[in-house]
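In: structure for this input, please:
(one chain, ligands or ions: 2)
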Amino acid sequence: MEARCSGIERNSEDGGSKALAPDEISHLALDIGGTLIKLVYFSRNDSWSVDDKGAKSPKGDSPLRVSCSNLDYPILYGRIHFAKFETIKVNECLEFIRSKKLLHGGCWHHEAPVSDKNVIKATGGGAYKFADLFKENLGLNLDKEDEMDCLVSGANFLLKAVHHEAFTYMDGQKEFVQIDHNDLYPYLLVNIGSGVSMLKVDGDGKFERVSGTNVGGGTFWGLGRLLTKCKSFDELLELSHQGNNRVIDMLVGDIYGGMDYSKFGLASTTIASSFGKAISENKELEDYRPEDVARSLLRMISNNIGQISYLNALRFGLKRIFFGGFFIRGHAYTMDTISVAVNFWSKGEAKAMFLRHEGFLGALGAFMSYEKNNYDGLMVHQLVEQVSTSASYSGDKIHSSLAGDLNDSESIGCSVYTT
Ligand SMILES: Nc1ncnc2c1ncn2[C@@H]1O[C@H](COP(=O)(O)OP(=O)(O)O)[C@@H](O)[C@H]1O
Ligand SMILES: CC(C)(COP(=O)(O)O)[C@@H](O)C(=O)NCCC(=O)O
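Out: Ligands and ions are numbered 1, 2, ... in the order given. You can find the predicted model right below:
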């Protein structure tokens, strides 16, 4: 039973407005984090099928079947949909579930008892915090899955099933990484959400949470909001794009009279002290451009996470570090800073890699956990990808092509078989 993949299809046309018939929807899963709610569900699409090479064709009367352990299962074709909402606006998520008729989306089988149809998989702290709200508003019971388990199974699933999921990003160059399924483990998974968790992954369900830091995405957004008065995370990111951190950061050259500290490999342009210039000048916050503040902040936090990640990889002799979480947001400067930090501290030994579905690891893990149910197993068999896979993009293009607006929905085509 293998998850396979060829090509991808992402779209946003049916995620936003069209309500699907209830029996077309299943495996609704939520990851309710400190800042964002991530939602994933599967919708059946009987109008097309995909062969082993990823080619689409109209579907005939009898569905394709897959054999496994001497049993024969029908292959179903459809899409996995993704959506996200701010956790402080949880009501928008409730409304989305109601308006798109996802209420009975947890269960696959028609013969399942009604009580099971009102249960959906949920992970993240909000699965505990908002359990009563979901029950009172939608009559939904949240079946809680551990968030670290979900992060790992989501990451393993993406790395194995989605072609061109992982990539490196350095000096404006994006390069997709070919994942060898037989040589995937061990790796370090760094999830940068509100806070940061670092997990040493040794296999499916085999992992250890080796570290974490409270200086994460929430810190960037929280401090950035206070310091720049930005109204949204995207505005803050956009601002950072236009800024110059050297106005605020104290560089080695500022301390060494323009020279490198070459004895210890510190170039004059290396940041010696983030925000260090703000103390040496007689200036107030208003005297600094918000874009420069945003840039320094993004660089400080990304660099710090890159460094701590590398130190943890070093602790366990890990060469590959995969970064997930919505802090990254496909943002060129963020990825570049993290990559440079990992490269600098490891002297080129370790590699930072990023995931295209960065923020949905936990939600996908909860989605996959339906597989554990007795009558409602699901095996994602194949993801079909058609997005451009060219080797390099400019920073701007990555930012705008991978990052969506908060409520933008997108989906990937896939085939599954139920067991
Ligand atoms: N639209 C957004 N609104 C708020 N934060 C966002 C947004 N997009 C990206 N982020 C960043 O993503 C972080 C949350 O990432 P996520 O992986 O969803 O974590 P969590 O599970 O803690 O909510 C935020 O702290 C912020 O840095
Ligand atoms: C507590 C959390 C697991 C919650 O996950 P999140 O909502 O941030 O994605 C995470 O914020 C975290 O790992 N914080 C860092 C805690 C620490 O190790 O210091």
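In: give me the pLDDT for the one residue in the stretch 201-350 of the chain that gets nearest to ligand 2.
Out: For the stretch 201-350 of the chain, the nearest residue to ligand 2 under the criterion CB to the nearest ligand atom is G212, separated by 2.3 Å. No exception for glycine: its C-beta is placed from N, CA and C like everyone else's. You'll see G212 listed with a pLDDT of 98.
In: same thing with V196?
Out: 98.
In: what count of nearby residues applies to the residue nearest to it when sequence neighbours are not counted?
Out: Using CB to CB, 6 or more residues apart in numbering and skipping residues adjacent in sequence, the residue nearest V196 is G216, 4.2 Å away. Per other CB atoms under 10 Å, the neighbour tally for G216 reads 25.
In: G216 contacts S302, doesn't it?
Out: No: applying CB atoms under 8 Å as the test, G216 and S302 come out as separate, 10.4 Å apart.
In: please name the residues that touch the residue nearest to V196.
Out: Under the criterion of CB atoms under 8 Å, 6 or more residues apart in numbering, the contact list for G216 reads I192, G193, S194, G195, V196, I301, I305, G325, F327.
In: and for the fifth one, the neighbour number?
Out: Looking back up the chat, that one is V196. The burial count for V196: 25, using other CB under 10 Å.
In: just the fourth one next, same as before
Out: As a burial measure, the neighbour count of G195 was computed by other CB under 10 Å and equals 19.
In: is there proximity between stretch 217-233 and ligand 2?
Out: No: against ligand 2, stretch 217-233 shows no contacts by CB under 6 Å from any ligand atom, the least distance being 6.8 Å.
In: begin at 66 from here
Out: Renumbered: residue one is now 66, and that last one reads stretch 282-298.
In: state the mean pLDDT of that stretch.
Out: 98.
In: stretch 242-256 too?
Out: 95.
In: name the residues that touch it?
Out: Counting by CB under 8 Å, 6+ apart, the neighbours of stretch 242-256 from elsewhere in the structure are 216-217, 220-221, 224-225, 230-233, 261-268, 271-272, 275, 370, 374, 377-378, 381, 383, 385-390, 418, 426-427.
In: around ligand 1, which positions in the stretch 66-215 of the chain sit nearby?
Out: Applying CB under 6 Å from any ligand atom, one finds that the stretch 66-215 of the chain approaches ligand 1 through G98, G99, T100, L101, E151, G189.
In: so the last one touches I97, yeah?
Out: Yes: the pair G189 and I97 qualifies as a contact (CB under 8 Å) at a distance of 4.3 Å.
In: which bits of the stretch 316-465 of the chain sit near ligand 1?
Out: Taking CB under 6 Å from any ligand atom as the test, the list of the stretch 316-465 of the chain residues beside ligand 1 reads G390, F391, F392, R394, G424.
In: from E210, how far out is V242?
Out: In this structure, V242 lies at 28 Å from E210, with CB to CB, to the nearest Å as the measure.
In: higher neighbour count, the two?
Out: Neighbour tally, V242 and E210, criterion other CB under 10 Å: the higher count belongs to E210, 25 against 16.
In: just give me the neighbour total for the residue of the chain found nearest ligand 1.
Out: Using CB to the nearest ligand atom, the closest approach of the chain to ligand 1 is made by G98 at 1.8 Å. The number of residues packed around G98, counting by other CB under 10 Å, is 27.
In: quick check: it touching T152?
Out: Yes: under the criterion of CB under 8 Å, G98 lies in contact with T152, with a separation of 6.4 Å.
In: intersection of neighbour lists for those two?
Out: With CB under 8 Å, 6+ apart as the test, G98 and T152 both reach G191.
In: buried subset of the contacts of stretch 242-256, written for ChimeraX?
Out: Isolation of the buried members of these (16 or more other CB atoms under 10 Å) is achieved in ChimeraX through the command below:
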select :216,217,220,221,224,225,230,231,232,233,261,262,263,264,265,266,272,275,370,374,377,378,383,385,386,387,388,389,390,418,426,427
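In: any regions of the stretch 366-484 of the chain where pLDDT drops low?
Out: In the prediction, the stretch 366-484 of the chain carries residues with pLDDT under 70 at positions 438-475, 480-484.
In: which residue ranges of it form strands?
Out: Chain-ordered strands for the stretch 366-484 of the chain, with DSSP state E, counting those that start in this stretch as the definition, fall at 385-389, 416-420, 444-449, 475-482.
In: beyond the helix or strand harbouring F150, next helix or strand please.
Out: Using DSSP states H and E, F150 falls within strand 136-151. Using DSSP H and E, the next helix or strand after strand 136-151 towards the C-terminus is helix 155-164.
In: is ligand 2 within reach of that next one?
Out: No: Helix 155-164 lies apart from ligand 2 when judged by CB under 6 Å from any ligand atom; the minimum separation is 13.8 Å.
In: between which two of the residues of the stretch 66-215 of the chain next to ligand 1 is the distance greatest?
Out: Taking CB to CB, the two most distant members of those are E151 and G189; they sit 13.5 Å apart.
In: neighbour count winner among the two?
Out: Between E151 and G189, G189 has the larger neighbour count (other CB under 10 Å), namely 27 against 15.
In: quick one, phi psi at the closest residue to the residue of the chain closest to ligand 1 other than its chain neighbours?
Out: Spatially, and ignoring its direct neighbours in sequence, G98 is nearest to G189 (4.7 Å; CB to CB, 6+ apart). Dihedral pair for G189: phi 90, psi 160, per degrees, to the nearest 10.
In: so what's G189 up against?
Out: Contacts of G189 were listed using CB under 8 Å, 6+ apart, and they are L95, D96, I97, G98, I102, E212, G427.
In: let me know the secondary structure of S91.
Out: strand (DSSP: H, G, I helix; E, B strand; the rest coil).
In: look up how far G170 lies from it.
Out: Separation of S91 from G170 (CB to CB) stands at 6 Å.
In: how about G258?
Out: Separation of G258 from G170 (CB to CB) stands at 24 Å.
In: L331 too?
Out: Distance of L331 to G170, computed by CB to CB: 54 Å.
In: okay then, goodbye and thanks.
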